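Asks: structural data only, the sequence is not supplied:
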């Protein structure tokens, strides 16, 4: 993959802290996006120093949204749009991320049609997978 200047999530996501679970988009190429997020110490989705499965799923959804937001803003020159989770399939957690750990998450687009996207998503810590699944999302049509 080629060099990519990281883009802050505040430029491509509508979610705001403390409910933003992506720090930056670190790669975009050929239907593949990669995000980075450091798990906070204090957050509604952190329990006993661990990022909950709900937090990991939300991070996966926001990672997918970061790809769509990047395309909207930097490729299609349109505003970032509201999206919705349609389905989560084959979700698997290998371990719970701990506060302070940095997640790098890869989003591979499987198909995209009429505002609906199916993506395979894998969450890594230090290049070791900690969660994976498929996510179907939809963009609110204006």
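Replies: The structure has been received and is ready for your questions. Here the structure is a predicted model, which means the values were calculated and not measured.

Asks: that's a helix at residue 88, yeah?
Replies: No: read with DSSP: H, G, I helix; E, B strand; the rest coil, residue 88 is strand and lies in no helix.

Asks: I figured it hits residue 132, correct?
Replies: No: using C-beta atoms under 8 Å as the test, residue 88 is too far from residue 132 to be in contact (11.0 Å). For the C-beta atoms, the positions are set from N, CA and C on the backbone; glycine is no exception.

Asks: neighbour count: these two, which is higher?
Replies: residue 132 (19 against 15; other C-beta atoms under 10 Å).

Asks: can you tell me the closest non-neighbouring residue to that one?
Replies: With C-beta to C-beta, 6 or more residues apart in numbering as the criterion, residue 132 has its nearest non-adjacent residue at 4.5 Å, and that residue is residue 122.

Asks: ok, residues contacting the host helix or strand of that neighbour?
Replies: Element membership for residue 122 (DSSP states H and E) is strand 116-125. Strand 116-125 is contacted from outside by 56, 59-60, 63-64, 67-68, 86, 97, 101-112, 129-139, using C-beta atoms under 8 Å, 6 or more residues apart in numbering.

Asks: mean confidence score for that strand?
Replies: Here strand 116-125 scores 97 as its mean pLDDT.

Asks: residues in contact with residue 22?
Replies: Applying C-beta under 8 Å, 6+ apart, the residues contacting residue 22 are 9, 13, 35-37, 59, 62-63, 65-66.
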